[in-house]
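S.K.: whatever this is, show me its structure:
(2 chains)
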Protein chains: 2
Amino acid sequence: MSKQAGLSVRGQDDAACCAPMVREPLGEEAAAELSRMFKALSDPIRLRLLSLIASHEGGEACVCDLIGPFDVSQPTISHHLKVLREAGLVGSERRGTWVYYWVLPEALAKLSALLEIPATAAKASA
Amino acid sequence: MSKQAGLSVRGQDDAACCAPMVREPLGEEAAAELSRMFKALSDPIRLRLLSLIASHEGGEACVCDLIGPFDVSQPTISHHLKVLREAGLVGSERRGTWVYYWVLPEALAKLSALLEIPATAAKASA
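M.R.: Residues are numbered from 1 along each chain as shown, chains lettered A, B, ... in the order given. Down below sits the predicted model:
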């Protein structure tokens, strides 16, 4: 966070991750980690699942709330939820019969910050 | 943009895309479009390429500046740049010998807004 805007020679890595990419190129390690998170978002069902969890009342959703909106089987939904969890985008906990999911806000905020276009950067440097 | 925060029955689609997903679930069409953009970001080389273009002095980069940092061939870099272009994340233009690339700021801003955690939403509803 203490880094100033401008090109760094090596690019930002985990320690500095994630300044907006319009300010500083990504290092190899940070790119590897972030690409795994983006891969989890690269499927339309997973993206909709994540948005259903994120927007659910109370900030968390029971898997029982997540099956209805889709035309696919429960095991498929469970597989997609596992991918989201393994990518560090959601947390989960079993309570009784059902598993509950919530988004990990730091993960979303990290990706959002990376893609942010600071007002001063948009076309200012063109 | 005139939609209020809260759950919508159908979820946001192209017209409303992209409010933060913590406010409103994504519709099918929006999720399909956005997942294609995230897929383009799901490869570490493409992510580094995009960040090199985005942070390059003057807001654009010649393909000749984008080959050096990588241990892969020029055709591989060209392929990745094509994927970024087809996903609507970068624009390009040939000038003389070289092709130049720049990021499309609206595309990055759209993804960033989708993943944003508004300060009031983080844990406020938990």
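S.K.: residues in contact with the most centrally placed residue in chain A?
M.R.: Nearest residue to the geometric centre of chain A (C-alpha atoms, centre = their mean): residue A:108, 4.2 Å. Neighbouring residues of residue A:108 by C-beta atoms under 8 Å, 6 or more residues apart in numbering or on different chains: A:54, A:89, B:21-22, B:115-117. Heads up, the C-betas are built off the backbone N, CA and C, glycines and all.
S.K.: residue A:28 reaches residue B:51, doesn't it?
M.R.: No. Using C-beta atoms under 8 Å, residue A:28 makes no contact with residue B:51, being 11.3 Å away.
S.K.: can I get the helix or strand where the residue nearest to the centre of chain A lies in PDB, CA atoms only?
M.R.: Element membership of residue A:108, judged by DSSP states H and E, is helix A:105-115. This file holds the C-alpha atoms of helix A:105-115, laid out as PDB (Å, rounded to 0.1, in the frame of the first residue of the first chain):
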ATOM      1  CA  PRO A 105     -15.300 -10.200   1.300                       C
ATOM      2  CA  GLU A 106     -11.500  -9.800   1.300                       C
ATOM      3  CA  ALA A 107     -11.200 -12.000  -1.800                       C
ATOM      4  CA  LEU A 108     -13.800 -10.100  -3.800                       C
ATOM      5  CA  ALA A 109     -12.400  -6.800  -2.700                       C
ATOM      6  CA  LYS A 110      -8.900  -7.900  -3.800                       C
ATOM      7  CA  LEU A 111     -10.100  -8.800  -7.300                       C
ATOM      8  CA  SER A 112     -12.200  -5.600  -7.500                       C
ATOM      9  CA  ALA A 113      -9.200  -3.400  -6.500                       C
ATOM     10  CA  LEU A 114      -7.000  -5.100  -9.100                       C
ATOM     11  CA  LEU A 115      -9.400  -4.300 -11.900                       C
END
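S.K.: sorry, back to before: which residue in the contacts of residue A:108 has the weakest pLDDT?
M.R.: Lowest pLDDT within those is found at residue B:117 (86).
S.K.: surely that residue is in a helix?
M.R.: No. Residue B:117: not assigned to a helix; according to DSSP: H, G, I helix; E, B strand; the rest coil it is coil.
S.K.: number of residues surrounding it?
M.R.: Residues lying near residue B:117 (other C-beta atoms under 10 Å in any protein chain shown) number 20.
S.K.: show me what contacts it?
M.R.: Here residue B:117 is in contact with A:105, A:108-109, A:112, B:20, B:22 (C-beta under 8 Å, 6+ apart).
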